[in-house]
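Student: Whatever this is, show me its structure:
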Amino acid sequence: MDSKYKLIVDSFGKDRFKFNEPLKHHTASGFGGPAKVFFIAFSTKELIKIISMCRQLGLTYFLYGSGSKIMISDLGFDGLVIKNRIKDIQTISVKGKVTKYGIGVDQAAIEAESGLSIKKFVEYLNAQNLETLEFLNLPGSIGGNLFLNKSLQNHTKSIKVLNLESEIIQIKVENLNPRKHIIISAVFKIKAKIK
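Tutor: Below you'll find the predicted structure:
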């Protein structure tokens with residue numbers, strides 16, 4: 001094993017990595033040859049650490065979420081493949097009004113990490129009695145969809161990204177650039193369902 005890869009593997013522990021792992025087992029399409037090294041990031045801290053290390057060591061890496069919007073060659077990937085499974089979600093604020101009939105929620109701010117599937121996002125919104133119609137049947141994860149889906153972008157209040165200098169910064173959706181940013185999480189403004 002290359003000494004640069006060994007530094008990363010030793011930093012996380014060998015049991016966290018797979019070598020020559022067929023990527024077809026980790027994509028929605030079921031296609032893809034072997035990754036030289038494969039890693040699943042389960043926390044924001046892990047994701048930032050492994051990407052920062054790859055950048056510092058000059059290692060080639062590829063990051064993806066659910067794999068629903070990518071096609072990987074049967075030749076595989078000669079580098080480190082990182083599957084993003086950071087998936088926390090929480091309500092961070094609620095707007096509403098108090099009337100003689102009780103407290104009514106008009107809108108909520110929901111923060112979701114980039115590896116969260118849209119399906120789980122919709123389930124959470126439903127449980128909170130928030131609108132889901134625009135997000136139904138979207139494949140993939142929050143991160144991948146934020147780059148492509150106008151409906152999701154229209155509900156985005158802010159995005160937390162890792163920039164090229166490996167700093168975490170907060171940006172607006174109109175400044176999001178796939179060449180410069182790795183999405184960590186986003187805050188969405190979601191209206192309550194009309195009763």
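
Student: So, low pLDDT: which residues of the chain?
Tutor: Scanning the chain for pLDDT under 70 picks out the ranges 1, 98-103, 195.

Student: what's the domain layout of the protein?
Tutor: Listed by automatic domain parsing, the domain ranges of the chain are 3-84, 89-191.

Student: Give me the neighbour count for the residue lying closest to Asn163 once chain neighbours are set aside.
Tutor: The shortest distance from Asn163 to any non-neighbouring residue, by C-beta to C-beta, 6 or more residues apart in numbering, is to Ile169 (5.5 Å). The C-beta positions use only the backbone N, C-alpha and C, and glycine is treated the same way. Residues within reach of Ile169, counting by other C-beta atoms under 10 Å, total 13.

Student: can you give me phi and psi for Ile169?
Tutor: Per-residue torsions, Ile169: phi -130, psi 160 (degrees, to the nearest 10).

Student: what pairs with it across the strands?
Tutor: When bridges are called by DSSP bridges, Ile169 pairs up with Val161.

Student: That one and Leu176: what is the separation?
Tutor: Using C-beta to C-beta, to the nearest Å, we find Ile169 at a distance of 11 Å from Leu176.

Student: Give me the common contacts of the two.
Tutor: Shared contacts of Ile169 and Leu176, defined by C-beta atoms under 8 Å, 6 or more residues apart in numbering, comprise Val161.

Student: May I ask you to name the longest helix in this structure?
Tutor: Taking DSSP state H as the criterion, the chain has its longest helix at helix 44-57.

Student: Can you list the helices and strands that that one packs against?
Tutor: Applying 3 or more C-beta pairs under 8 Å, 6 or more residues apart in numbering; DSSP states H and E, we find helix 44-57 packed against helix 3-12, strand 34-41, strand 61-64, strand 77-84, strand 156-162, strand 182-191.
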